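**Q** need a structure here:
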Amino acid sequence: HATTFDGGTGTLSIVRASGATDARTLTTLAAAPIMGIDLNATSVTVNGPGSGTLTLEGTTNSLKVQAGTFAGGVGAITLNLAYDQSGGTFTGGAGTVTVTGNFSQSGGTFAGGTTTTLNGNTTISGGTFNAGTTTTFGNASTDTFTLSGTGTFNAANTVTFTADATVSGGTFAGGSATLD
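**A** Numbers count the residues shown, from 1 in each chain. Next up is the predicted model:
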């Protein structure tokens, strides 16, 4: 597509036909903001940009991962709205990952980018969250971080909480992380 393409604020739903097992790979480009993505296909991988910044918009969620793999690549990823994960795998890659809306994880595996910033409320009730090298939660005094249910939070290096943090269940593994 042209570098002026703007997917708008709709949502691109990626699904596979029942019984389909052949692998598919889609690669995103860093350019103008594009529509949000709803990834719900076990044999599909969406690759992030090789450089620059990929900005996902959407209507409710910028990115929803139910099945499949989102691999961040080298470039930065900015999600202008919420992130929702109930399955599949998200790997932030070498770039910066920024979620400007709320972050919700009830399943799957999330691995942050080298620098991961989650602005807004963060809820981890299932699945595994692996923090990036530097991870920041919240950007306002009203933001919250909640770990509950069967969620697992694995800290790495530096984790900063601007948000009020509540751990009411799940597993919080600090490792050798510095919690600010």
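
**Q** which stretches of the chain have low pLDDT?
**A** Low-confidence segments of the chain (pLDDT under 70): 1-9, 31-32, 175-180.

**Q** phi, psi of Asn130?
**A** phi -110, psi 110 (degrees, to the nearest 10).

**Q** out of everything not next to it in sequence, what's closest to it?
**A** Spatially, and ignoring its direct neighbours in sequence, Asn130 is nearest to Ala111 (4.4 Å; C-beta to C-beta, 6 or more residues apart in numbering). Quick note: C-beta positions are derived from backbone N, CA and C, even for glycine.

**Q** tell me what the one you found is bridged to.
**A** For Ala111, the beta-bridge partners are Thr91, Asn130 (DSSP bridges).

**Q** which ones are touching it?
**A** Thr89, Phe90, Thr91, Gly92, Asn130, Gly132 (C-beta atoms under 8 Å, 6 or more residues apart in numbering).

**Q** go on, Leu63?
**A** Counting by C-beta under 8 Å, 6+ apart, Leu63 has contacts Gly36, Ile37, Leu39, Leu56, Phe70, Leu79, Tyr83, Asp84, Phe90.

**Q** who wins on neighbours among those residues?
**A** The residue in those with the most neighbours, by other C-beta atoms under 10 Å, is Phe90 (29 neighbours).

**Q** isn't that residue right up against Gly107?
**A** No: counting by C-beta atoms under 8 Å, Phe90 sits too far from Gly107 to count as a contact (11.4 Å).

**Q** how many neighbours does Gly19 have?
**A** 5.

**Q** how much space separates it from Leu26?
**A** 20 Å (C-beta to C-beta, to the nearest Å).
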